[in-house]
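For reference, the sequence and a predicted model appear below.
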Amino acid sequence: METPRERAEKLREEIRKHDYHYYVLDQPLISDAEYDRLFRELVELEQAYPDLVTPDSPTQRVGGEVLKGFTPVQHRVPLLSLDNAFNERELRDFNRRLKERLGDEAVAYVCELKIDGVSIALVYQDGVLMSGATRGDGIVGEDVTANIRTIKSLPLRLTYPLPRVEVRGEVYMPKEAFARLNREREDRGEKTFANPRNAAAGSIRQLDPKVTAGRTLGLLVYDILHLEGKEIDSQRETLEFLSELGFPVDRNFRWCASLDEVLEYCEEWQGRRHELPYEIDGVVVKLNSLPARQLLGATAKSPRWAIAYKFPAEEKETKIVAIELN
Ligand SMILES: NC(=O)c1cnc(OC2CCCC2)nc1N
């Protein structure tokens, strides 16, 4: 016969697995009703035995109190920003500069869709989420842990208990959720958000986590800031490993053997951006080899081994405004 603690642990593991399949893979294994039954059993068990509650329990996503303000957080490593390229020539200049510095080392890139959201740094200790902070000015951000815990695709516990790992990703608001939120705000006579990025920023910087919990936010992780207990040599390995750990990763990334392949990728996704459930404003082109990145280093502001190719601003569908002709 299982003890309550064993039952609670088993339920947590089960619910964690279903959260991953539902919110990260978008491939639920059980019905919503069956999921709710599991969740309710865990809630009731934790109510009956309060000392069983653990911070990584799926029941602990929506925090308690309303904050007075945000605690500043100093990032262990500065969260760099990206230089921009607006056309093929600027991308070719980036490629040439990088090759000049690296000598004739083989230069391969990884291209990633540039998610138009809010950058976030997450810290995990022994596989458990410790904190989440906004980028801020790159050195000091704001502690938004209570709010990011409400993002269902964000794992509260990783698939292995790495001693310490710090990762970076983008919190975004899906296009559908953005449209729905603005309709609701309009109906309530409230100001609407200009774009999903602002809506995500406004939702993640709420003093009341319950408000954040009511907003549909997504997370896509793309960088490891600090890693203990594992050696990784490339961006491709980084993205695969982040996936293995249970993080949501955008699977549209592509390893590119040359700048020509990078240009093909940029061309392809400039035309396909409307297919995505979230907004992108370009492509991030990253040197694949991590050791080679070390040789290049970073300027004060941004890495020499990555660049953002920005799509031309989309011609906004001209909003037809009905003009009252009296
Ligand atoms: N918005 C994005 O999707 C995104 C932003 N930044 C980066 O990488 C930065 C971080 C480390 C230096 C380059 N990758 C991304 N995919």
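Arrived safely, thanks for sending.

Relative to the ligand, how far out is Tyr22?
Between Tyr22 and the ligand the distance is 23 Å, computed by CB to the nearest ligand atom, to the nearest Å. Where you see a C-beta, it was placed from the backbone N, CA and C, and this is true even at glycine.

what does Val77 give?
10 Å.

how many neighbours does Ala48 have?
Using other CB atoms under 10 Å, Ala48 is surrounded by 10 other residues.

and it, how far is that from the ligand?
Using CB to the nearest ligand atom, we find Ala48 at a distance of 43 Å from the ligand.

Now that residue. Nearest residue, chain neighbours left out?
Of all residues not flanking Ala48 in the chain, Pro4 sits nearest, at 7.2 Å (CB to CB, 6 or more residues apart in numbering).

again, but for Val77
Using CB to CB, 6+ apart, the closest residue to Val77 is Leu225 (5.1 Å).

For that neighbour, which three-state class applies?
strand (DSSP: H, G, I helix; E, B strand; the rest coil).

Quickly note the distance from the residue lying closest to Arg92 once chain neighbours are set aside to Asp250.
Nearest non-adjacent residue to Arg92, counting by CB to CB, 6+ apart: Leu259, 6.4 Å away. According to CB to CB, to the nearest Å, Leu259 stands 21 Å off from Asp250.

confidence score at the residue nearest to Val77?
Per-residue confidence (pLDDT) for Leu225: 96.

Quick check: it vs the ligand, distance?
Distance from Leu225 to the ligand, by CB to the nearest ligand atom: 8 Å.

Wait, that residue touches Leu80, no?
No: between Leu225 and Leu80 there is no contact under CB atoms under 8 Å: 10.0 Å.

who's in contact with the residue nearest to Arg92?
Going by CB atoms under 8 Å, 6 or more residues apart in numbering, Leu259 touches 91-92, 95, 109.

returning to that earlier point: quick one: residues contacting the residue nearest to Ala48.
45, 48-49, 52.

State the pair within those residues that is farthest apart.
The span of the contacts of Pro4, defined through CB to CB, is set by Ala48 and Leu52 at 8.5 Å.

so where do the helices sit in this protein?
4-19, 32-48, 88-102, 145-148, 175-187, 196-204, 209-213, 235-245, 259-272, 290-296 (DSSP state H).

Same list (the ones you listed) but as a markdown table, adding distance to Pro161 and mean pLDDT.
Listed next are those as a markdown table, based on distance: least, CB to CB, whole Å; pLDDT from 0 to 100:
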| stretch | distance to Pro161 | mean pLDDT |
| --- | --- | --- |
| helix 4-19 | 13 | 97 |
| helix 32-48 | 21 | 98 |
| helix 88-102 | 37 | 96 |
| helix 145-148 | 19 | 97 |
| helix 175-187 | 33 | 98 |
| helix 196-204 | 27 | 98 |
| helix 209-213 | 26 | 96 |
| helix 235-245 | 11 | 98 |
| helix 259-272 | 36 | 98 |
| helix 290-296 | 23 | 95 |
